[in-house]
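[1] quick one: sequence plus predicted model below, questions after.
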Amino acid sequence: MKYALQIISVLLLDLLSFLLSLWVSWMTRLKLYPLILSGLPDFHFTFGYFLGLFWIPLIFIFFMAYENLYTLKLPFWDETKKIFKAITIATVVVMAVVTLGKISDRVSRLVLVNLWIVSLVIFPTIRLWGKKALYMMGICREKVLIIGAGQSGRLVLRWLQRETHIGYDVIGFLDDDPEKTGKVINGKKVFGKTHHFKRFVRELGVKTIVLAIPSLGASTLSEWAGRIQKYVKNTLIVPDIYGVALLNTELLHLFYEEIFLLNIRNNLKSPINRFIKRSFDIAIALIFLPLLIIAIGLIGILIKMETPGPVFYTHPRIGRNGKVFRCYKFRTMVRDAEEELQRLLQNNDSARGEWEKFWKLSDDPRVTRIGRFLRRTSLDELPQIFNVLKGEMSMIGPRPYLLREQEAIKDRIDLITSVRPGITGLWQVSGRSDTTYLYRIRLDIWYIMNWSLWLDLFILLKTVRVVIGREGVR
């Protein structure tokens, strides 16, 4: 009964999303387009008329169900990717019905195009916050038990507590380490031994168990999975393949051999994908260029007013295929900054230790007042838009490494320089300056191995959120 209530609740959220998207699309065609476009035919369709076309939302709901969006529990961006696919296919089908059925005089195709665009924003947004509300109400909430209170189990708990819209409510841990029994981790207790899981399934109605002990090894994990599956509906396993590229991975089953293979595709080896990524860079750069030109001019005036010297700072960086290029940034430091850095590192052991770990200083005395503001907001990197237009950088990619960093990345330099460096990237949206240098290198490699246009879009949107919230910036 509760499972059916969950499906119905999410379906109602989608119907609400459709109605809101349809209303915005109708209002845009009725009020906005006549103001900016001349020669449009008279628009006589009422909103009530569109509501009478019940077959259109049915097509949307059908393809949402076809993508298993009423049964799967997915992270936001994975779910949004499926929503985009379902909405796009549904819109194509509706347009085909209108065109082939020769009813374009009764259904505005311009409203349908608007409906597609608006739905791509409204559907994921209402689903996200609606499912969070349903979780708080106890409707979309399923009890989960985590077996393993080590690092992997803690990461799973942190993920589920952050993304409550998935609908998993962790009741606690089980672990065979006696020192962990009774401890509380992020508000969840370690109850006891792992073999007690059957009691929790029976007495608390647990339907999902996360097996988060990757160190057990393949054979033991397989044995545990078989044992758990007899008692619960879903078994989630954390395998011992941390750091492996999985976004572009296909699972190949070898039934007789009882093993599986991971087929990892390097999407950036494809000339078509490289063309798509480059086209994406140019399109984004040209769209925002007029606004950026104004911002760059205003910032340049402020820099000149505070300290003498050039507005822009160029520095040689390692580009694609190891080619050196001049990277543009706003000047945020005093003159002779490099010489000042060497003096500081020689005389300050604390600063030297921080520099060796992060290759940055949290309280750098060389930075000007306007420079601190530009760094906090990441506006110092705006001039790199010209590097993008010149083909030296990408909107999203690995960091543009300094020449002196060649030794630190020498074992990975061929992979890192196989793509253009980016204005933003995974490290900027994953803690930014709070991450260690080696971790940033790992993130750059992970990005290259997992590249997709969807990943670029995710990083771009997350960058906006990080910059506005100034998360992790130093």
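    That came through fine. Numbering: from 1, shown residues only.

[2] can we go C-alpha only for contacts and neighbour counts from here?
    OK.

[3] excluding its backbone neighbours, what's nearest residue 228?
    Distances taken as C-alpha to C-alpha, 6 or more residues apart in numbering place residue 235 nearest to residue 228, at 7.1 Å, with adjacent residues excluded.

[4] quick check: buried residues in the host helix or strand of that neighbour?
    Assigned by DSSP states H and E, residue 235 belongs to strand 234-237. For strand 234-237, a neighbour-count test (16 or more other C-alpha atoms under 10 Å) marks 235, 237 as buried.

[5] same check, this time on stretch 54-74
    Quick answer for stretch 54-74 (16+ other C-alpha under 10 Å): 56, 57, 59, 60, 61, 63, 64, 67, 69, 70.

[6] can you check stretch 283-303 too?
    Quick answer for stretch 283-303 (16+ other C-alpha under 10 Å): 285, 292, 296, 299, 300, 303.

[7] ok, the last one to residue 79 distance?
    If you measure residue 303 against residue 79 using C-alpha to C-alpha, to the nearest Å, the figure is 44 Å.

[8] same question for the fifth one.
    According to C-alpha to C-alpha, residue 300 and residue 79 sit 42 Å apart.

[9] quick one: the strands in the stretch 251-400 of the chain, in order.
    259-264, 312-318, 324-330, 394-396 (DSSP state E, counting those that start in this stretch).

[10] and the buried residues of stretch 54-74, which of them are in strands?
    Among the buried residues of stretch 54-74, DSSP state E puts none in strands.

[11] so which strand or helix has the residue nearest the centre of the chain?
    Closest residue to the average C-alpha location of the chain: residue 458 at 3.9 Å, with C-alpha atoms, centre = their mean. Using DSSP H and E, residue 458 maps to helix 453-469.

[12] who are the packing partners of that helix?
    Here helix 453-469 touches helix 369-377, strand 394-396, strand 422-424, going by 3 or more C-alpha pairs under 8 Å, 6 or more residues apart in numbering; DSSP states H and E.

[13] buried residues in the last one, which are they?
    Pointing back at strand 422-424 there. Those would be 422, 423, 424, for strand 422-424 by 16+ other C-alpha under 10 Å.

[14] over to the longest one?
    Neighbour counts using 16+ other C-alpha under 10 Å place 370, 371, 372, 374, 375, 376, 377 of helix 369-377 among the buried residues.

[15] per-residue pLDDT, the second one?
    Confidence at residue 371, expressed as pLDDT, is 85.

[16] distance of the residue lying closest to residue 322 once chain neighbours are set aside relative to residue 319?
    Nearest non-adjacent residue to residue 322, counting by C-alpha to C-alpha, 6+ apart: residue 417, 5.8 Å away. Using C-alpha to C-alpha, residue 417 is found at 6 Å from residue 319.

[17] what of residue 286?
    Going from residue 286 to residue 319 by C-alpha to C-alpha gives 22 Å.

[18] tell me the domain ranges of the chain?
    Domains of the chain are assigned by automatic domain parsing as 2-136, 142-242, 269-332+367-469.

[19] and those as CSV, adding distance to residue 249?
    Below are the domains of the chain laid out as CSV (distance: least, C-alpha to C-alpha, whole Å):
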stretch, distance to residue 249
domain 2-136, 14
domain 142-242, 13
domain 269-332+367-469, 9
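
[20] low-scoring stretches of the protein, by residue?
    38-39, 241-248, 251-263, 334-352, 354-365, 431-435, 468-474 (pLDDT under 70).

[21] what angle do the longest helix seen in it and strand 324-330 make?
    Ranked by number of residues, the top helix in the chain under DSSP state H is helix 271-306. Counting by axes from the mean of the first three to the mean of the last three C-alpha atoms, to 10 degrees, helix 271-306 points 50 degrees away from the direction of strand 324-330.

[22] tell me what angle helix 271-306 forms with helix 453-469.
    Using the same axes, to 10 degrees: helix 271-306 against helix 453-469 is 20 degrees.

[23] between helix 271-306 and strand 312-318, how big is the angle?
    150 degrees.

[24] show me what helix 271-306 is packed up against.
    Here helix 271-306 is seen to pack against helix 369-377, helix 384-390, strand 394-396 when contacts are counted using 3+ C-alpha pairs under 8 Å, 6+ apart.

[25] helix, strand, or coil at residue 149?
    Following DSSP: H, G, I helix; E, B strand; the rest coil, we place residue 149 in the coil state.

[26] for the helix or strand hosting residue 228, buried residues please.
    Following DSSP H and E, one finds residue 228 within helix 218-229. For helix 218-229, the neighbour count (16+ other C-alpha under 10 Å) marks 221, 225, 228 as buried.

[27] just these now: which is nearest residue 451?
    Among those, residue 221 lies closest to residue 451 (C-alpha to C-alpha), at 29.8 Å.

[28] got the contact list for the closest one?
    By C-alpha atoms under 8 Å, 6 or more residues apart in numbering, the residues touching residue 221 are residue 214.

[29] any idea how far it is from residue 196?
    17 Å.

[30] before we move on, what about residue 132?
    31 Å.

[31] comparing those two, which shows the higher neighbour count?
    Comparing residue 132 with residue 196 by other C-alpha atoms under 10 Å, the one with more neighbours is residue 132, at 20 against 12.

[32] could you say which helix or strand holds the closest residue to the residue nearest to the centre of the chain other than its chain neighbours?
    Using C-alpha to C-alpha, 6+ apart and skipping residues adjacent in sequence, the residue nearest residue 458 is residue 77, 7.6 Å away. Using DSSP H and E, residue 77 sits in helix 76-100.

[33] give me the packing partners of that helix, helices and strands only.
    Short answer (3+ C-alpha pairs under 8 Å, 6+ apart): helix 76-100 packs on helix 55-66, helix 109-136.

[34] would TSV of those helices with distance to residue 87 be doable?
    Compiled in TSV, those are given as follows (distance: least, C-alpha to C-alpha, whole Å):
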stretch	distance to residue 87
helix 55-66	6
helix 109-136	7
